[in-house]
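1. Sharing a model prediction with you, sequence too.
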Amino acid sequence: MTQTELRTEQEINKGKTYIKNTITLILSKKTDMAEQEITKAGEIFKNANSPEYTSICLSLLALINYLNKPSEYKYSLSMLFDAGELARYSKNNTAELFKELALAEISYANNDTELALCHYNNAKNYGIITTDEYEVISYVISRIKQITKEKDYTFPPTSDPLVSLVKIGRSITAQTDIDVLLRVIAEETKIALDADRCTVFLLDKEKDELWSKVALGMDSQEIRFPAGKGLAGYTVRTGETINIQDAYNDNRFNPDVDKETGYKTKTILCMPIKNNNQEIIGAFQVLNKLNGVFTKNDEDLLVAIGGSASIALENAQLFEQQKELYKEQKLLFESFINTLASSIDARDKITAGHSTRVKLYAMLIVDALGLDNKTKEIIEKAATLHDIGKIGIRDSVLQKEGKLTADEYKHIQEHVKITHNILENICLNEDFKQISEIACSHHEKYDGTGYYRHLKGEEIPYGGRILAVSDVFDAITSKRHYRDKMPIADVIDILLKGAGSHFDKQLVDVFLTIPSNKIVKVFLTENHNKLKVKDDKTLGKYNLMDIYTISVKENPSDDEKNIISLFNYYYAGKQE
């Protein structure tokens, strides 16, 4: 972990502590102190550019604002609207949970218990599909019990199936993760039918099996069995609904599972799930009505739930298929890119591995900068392809042993333009256009004297500036036809002298803060050697700038001499 990443993590942990303090203070009705805590948390997460935590802070701040100033009800709702937008943008369930909790608390304080109950239930639902990091779900459940006891009805109100359907529909509409969706549908159905357990099975037509990852009250490992087995299998095969009022007096019931688990099944409602084409895609299995037996009204409600559930399940399955297709396309694309890059290695054995090492150095810089994953992926692809244009350079020039003539040097410079032309011809989307722009700009210089477009400063794509540092570093730390590796002090000296003219100074500075053990590991990819565990730990204490500083010292200590000796041992390509 880099120092930047460590500092960021430490700040986020500090912010989380402020959030926990805020919750405690709100429950203790110390809202003024709570406001101070959540304000400090908000500043941290704003600076960290963290939309999910900023959403949580806004939700809690909105609640505090209402508790302090009930007359500013609309302002609090406005803040919660912003919190909701951030939660949706970040796709973070914990942020959604806090938004619903704040709405519930405000509604309850405003004596709107029906609306409060709805929001508390939504908060509980998000608690099902996320880690209860702030330990608020038990509070939410206690609130639900408190309100239902005050109003003298069970939750959700079984007398109003429409309310249950609306709540279930709202809970599952946005879900695309099939495992989470199965869990949410099962939980919501269990609550709606006032049952002890519910499992939602899906039909795997290819394997002719029923499967689920939900068995409430049991472990949530995947369950699979032949599609014709058991009551769920019977339901799927026949399309019939089974409503058993006394399981042990019905010969269709298999008591073996109860014997294995110690569970006591009394009542069972089993029903097929059908899609819009009336094809059976799975089954509900609901166990043990808490009060009495499953009724015709329960059956009707389960049919209605099945309508919403089938759409959500089919959409989630389609989403899973699209994800798998995307993975396959991505693997194919990456294979294509690697094949292009290896074509250069095949033409010039002595520079084989250059593109891979440039990519690895570039990734070290990207990680040190803390860039997002999408940017990292784009720069990674650009690094892999940055020299593809050398495919258009004559062998007599590309493989020449010795110094190039002026004409030959001019010819080899054409490879960046050829790179651009090749990659532009296979542009697939906007991201690939960025890859093309970055790849062909790795020989541009910060002062505008580079090639081939003579871009200057920030005109050069950021990724291109990263590749410039990575490319030169690898070039002068690798053996070539006409020279051996350059001493590491001279290498770093070139980077330092080129900072601000050849290179973006900020990126040179960042590169020189990278721990030397990470750099050594890239060196060793050239000969597939490994870094000893002890040496890895030792070199990890020194960054490249430290190595340079010690290297140019007139009178280094014995320990410092040992560090340089150790670094050079691996730089020379030694192995264990």
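-> Sure, I can see it. Residues are numbered from 1 along each chain as shown.

2. My guess is I460 contacts E444. True?
-> Yes. Assessed by C-beta atoms under 8 Å, I460 is found in contact with E444 at 4.6 Å. The way it works is simple: take the backbone N, C-alpha and C, and place the C-beta from them, glycine included.

3. any weak-confidence spans in this structure?
-> Residues of the chain meeting the criterion pLDDT under 70: 1-8, 128-132, 150-176, 213-221, 348-351, 427-429, 480-483, 574-576.

4. tell me the centre residue of it?
-> N373 (8.8 Å; C-alpha atoms, centre = their mean).

5. and that residue, how far is that from S335?
-> Computed with C-beta to C-beta, to the nearest Å, the distance linking N373 and S335 is 20 Å.

6. now P70
-> For P70 relative to S335 (C-beta to C-beta), the value is 62 Å.

7. try I311
-> In terms of C-beta to C-beta, I311 sits 36 Å off from S335.

8. Please apply the same query to L210.
-> 36 Å.

9. So for these two, which sits in the more crowded spot?
-> L210 (25 against 10; other C-beta atoms under 10 Å).

10. how about the more buried one, secondary structure?
-> Following DSSP: H, G, I helix; E, B strand; the rest coil, L210 is assigned to strand.

11. give the contact list for the closest residue to it other than its chain neighbours.
-> Of all residues not flanking L210 in the chain, F201 sits nearest, at 4.3 Å (C-beta to C-beta, 6 or more residues apart in numbering). Contact analysis of F201 by C-beta atoms under 8 Å, 6 or more residues apart in numbering lists 210-212, 223, 232, 236, 282-285.

12. same thing with D387?
-> D387 sits in contact with 341, 344, 354-355, 415, 419, where contact means C-beta under 8 Å, 6+ apart.

13. Show me where the stretch 151-300 of the chain has its helices.
-> With DSSP state H, counting those that start in this stretch as the criterion, the stretch 151-300 of the chain has helices at 161-172, 178-192, 230-238, 256-261, 296-347.

14. Also the stretch 351-500 of the chain?
-> 354-369, 373-385, 395-398, 406-413, 415-424, 430-439, 462-476, 488-498.

15. Could you check the fourth one and say which residues are buried?
-> Okay, so that is helix 406-413. Of the residues in helix 406-413, 408, 411-412 count as buried by neighbour count, 16 or more other C-beta atoms under 10 Å.

16. what about dumping the CA coordinates of the helix or strand hosting E35 to PDB?
-> Per DSSP states H and E, E35 falls inside helix 31-47. Provided in PDB are the C-alpha atoms of helix 31-47 (Å, rounded to 0.1, in the frame of the first residue of the first chain):
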ATOM      1  CA  THR A  31     -28.000  16.600  18.500                       C
ATOM      2  CA  ASP A  32     -25.700  19.700  18.800                       C
ATOM      3  CA  MET A  33     -22.700  17.400  19.500                       C
ATOM      4  CA  ALA A  34     -23.900  15.000  16.800                       C
ATOM      5  CA  GLU A  35     -23.900  17.800  14.200                       C
ATOM      6  CA  GLN A  36     -20.300  18.700  15.100                       C
ATOM      7  CA  GLU A  37     -19.200  15.000  14.600                       C
ATOM      8  CA  ILE A  38     -21.100  14.500  11.300                       C
ATOM      9  CA  THR A  39     -19.800  17.800   9.900                       C
ATOM     10  CA  LYS A  40     -16.200  16.600  10.500                       C
ATOM     11  CA  ALA A  41     -17.000  13.400   8.800                       C
ATOM     12  CA  GLY A  42     -18.500  15.200   5.900                       C
ATOM     13  CA  GLU A  43     -15.400  17.300   5.300                       C
ATOM     14  CA  ILE A  44     -13.300  14.100   5.200                       C
ATOM     15  CA  PHE A  45     -15.400  12.300   2.700                       C
ATOM     16  CA  LYS A  46     -15.900  15.400   0.600                       C
ATOM     17  CA  ASN A  47     -12.100  15.700   0.300                       C
END
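
17. contacting residues around that helix?
-> With C-beta under 8 Å, 6+ apart as the criterion, helix 31-47 contacts 11-12, 14-16, 18-19, 21-22, 25-26, 53-54, 57-58, 60-61, 64, 67-68.

18. could you redo the last one with a cut-off of 7 Å?
-> The contact list for helix 31-47, computed with C-beta atoms under 7 Å, 6 or more residues apart in numbering, reads 11, 14-15, 18-19, 21-22, 25-26, 53-54, 57, 60-61, 64, 67-68.

19. In PyMOL, how would I select the buried members of those residues?
-> Entered in PyMOL, the line below selects the buried ones among the contacts of helix 31-47, by 16+ other C-beta under 10 Å:
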select buried, resi 11+15+18+19+21+22+25+26+53+54+57+60+61+64+67
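
20. and after the helix holding E35, which helix or strand comes next?
-> Following helix 31-47 toward the C-terminus (DSSP H and E): helix 51-68.

21. and that next one, how far out from the chain's middle?
-> 25 Å (C-alpha atoms, centre = their mean, to the nearest Å).

22. Next, the angle from that helix to helix 31-47.
-> 160 degrees (axes from the mean of the first three to the mean of the last three C-alpha atoms, to 10 degrees).

23. Following the chain onward from helix 51-68, which element is next?
-> That would be, after helix 51-68 and using DSSP H and E, helix 73-90.

24. If you count neighbours, what's buried in that next one?
-> Those would be 76, 79-80, 83-84, 86-87, 90, for helix 73-90 by 16+ other C-beta under 10 Å.

25. L467: which of the helices of the stretch 151-300 of the chain is closest?
-> helix 296-347 (13.5 Å; C-beta to C-beta).

26. Please tell me how far the closest residue to P255 other than its chain neighbours sits from K259.
-> Distance criterion C-beta to C-beta, 6+ apart; nearest residue to P255, sequence neighbours excluded, is Y248 at 6.6 Å. As for Y248, its distance to K259 is 12 Å (criterion: C-beta to C-beta).

27. which one of these two has more residues nearby?
-> Neighbour count, other C-beta under 10 Å: between Y248 and K259, Y248 has more, with 12 against 9.

28. Could you measure from the more buried one over to T265?
-> Applying C-beta to C-beta to Y248 and T265 gives a distance of 8 Å.

29. Ok, G573 next?
-> 68 Å.

30. related to what we said a few turns ago, can you pull up the bridge partners for the residue nearest to L210?
-> A283 (DSSP bridges).

31. how many other residues sit next to N249?
-> Neighbour tally, N249, other C-beta under 10 Å: 8.

32. Pull the contacting residues for it.
-> N249 makes contact with no residue, according to C-beta under 7 Å, 6+ apart.

33. What of S516?
-> With contact set as C-beta under 7 Å, 6+ apart, S516 has these partners: 539, 542-544, 547, 567.

34. out of those, which one sits closest to I388?
-> Closest approach to I388 among those (C-beta to C-beta): L544, at 28.4 Å.
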